[in-house]
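Engineer: Have a look at this fold, sequence not included:
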């Protein structure tokens, strides 16, 4: 069901370590009970397209929020510059990201219009975070990983204090049903990495579903990027909404 009216705004929420962080929040008009979605932005940052995704969910009847994971770095730079700054600073720690995502979840569940169900969806680095959240964020009811790179870490030397454990090693803890969306032309994650992730999910008996698309690479949902693939994106979005209809409605 599509809703013609909505409210969308930037708000402040208490994130990891009780820090004040920005978040973009959209909800449909009306007072009915509805599920929520935490939108986890991609590595380029908390940008215009990330906010468009939040509004897309509100249009389809969900309350949605996207925590600004780079919020602590301050305002000013464009999203691409902000991403470079965050890389130079060593990136966002997994603990901090999980805390901010959990804050978004708690915010949505606390709304008077919540039906008590909240999922998450993440893109690129946010897909990696969505995989982690499925294992580490309590109360999450469904997760969607869109081309999350770095779930598998082939070289232990790549681990560090900010990212101490490869997400794949948290698979036994996954409690939320997990949907994966991937492009077969992607290089991070590539087809082999996606295969290995699926093998581990099967081995651990997790509830999951993967959809892979020929002719699509990294970021093929993003309408403002050269890699946008409308045919594949339209089909994949249908799977996303079907997943949430099954586990959040």
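Structural biologist: Okay, I see it. Just so it is clear, the model here is predicted, and its values are computed rather than measured.
Engineer: before we move on, which element is the most centrally placed residue in the chain in?
Structural biologist: Taking Cα atoms, centre = their mean, the centroid of the chain lies closest to residue 122, which sits 1.7 Å from it. With elements delineated by DSSP states H and E, residue 122 resides in strand 114-123, which encompasses its position.
Engineer: ok, residue 122 touching residue 144?
Structural biologist: Yes - A contact is recorded between residue 122 and residue 144 when judged using Cβ atoms under 8 Å, the distance being 7.3 Å. Placement of C-beta: from N, CA and C, glycine included.
Engineer: Residue 235 looks like it's in a helix, true?
Structural biologist: Yes - under DSSP: H, G, I helix; E, B strand; the rest coil, residue 235 sits within a helix.
Engineer: Which residue lies closest in space to it, excluding its sequence neighbours?
Structural biologist: In space, not counting the residues next to it along the chain, residue 235 is nearest to residue 213; the distance is 7.5 Å by Cβ to Cβ, 6 or more residues apart in numbering.
Engineer: do residue 126 as well
Structural biologist: residue 40 (3.4 Å).
Engineer: For burial, what's the neighbour tally of that neighbour?
Structural biologist: For residue 40, the neighbour count with other Cβ atoms under 10 Å is 33.
Engineer: list the contacts for it?
Structural biologist: Contact analysis of residue 40 by Cβ atoms under 8 Å, 6 or more residues apart in numbering lists 66-67, 69, 97, 101, 120-123, 126-127, 129-130, 133.
Engineer: quick revisit: just the buried residues of the strand holding residue 122, please?
Structural biologist: Residues 114, 117-123 are the ones in strand 114-123 that count as buried (16 or more other Cβ atoms under 10 Å).
Engineer: Kindly report the same for stretch 8-26.
Structural biologist: Within stretch 8-26, the residues scored as buried using 16+ other Cβ under 10 Å are 13, 15-16, 21-26.
Engineer: got a list of contacts for that stretch?
Structural biologist: Contact partners of stretch 8-26, identified using Cβ under 8 Å, 6+ apart, comprise 6-7, 46, 50-51, 54-55, 57-58, 63-69, 71-72, 95-100, 103-104, 107.
Engineer: Just those residues: which are in helices?
Structural biologist: Judged by DSSP state H, helices contain the following of those: 50-51, 54-55, 57-58, 95-100, 103-104, 107.
Engineer: between those, which is nearest residue 249?
Structural biologist: When the ones in helices among the contacts of stretch 8-26 are compared for distance to residue 249 (Cβ to Cβ), residue 57 wins out at 13.2 Å.
Engineer: ok, of the ones in helices among the contacts of stretch 8-26, which come out buried?
Structural biologist: Buried by 16+ other Cβ under 10 Å: 50-51, 54, 57-58, 95-100, 103-104, 107, out of the ones in helices among the contacts of stretch 8-26.
Engineer: in the protein, which helix or strand is least confident?
Structural biologist: For the chain, the helix or strand with the lowest mean confidence is helix 79-88, at a mean of 62 (criterion: mean pLDDT, DSSP states H and E).
Engineer: Does residue 196 belong to a helix, a strand or coil?
Structural biologist: Three-state assignment for residue 196 (three-state DSSP): helix.
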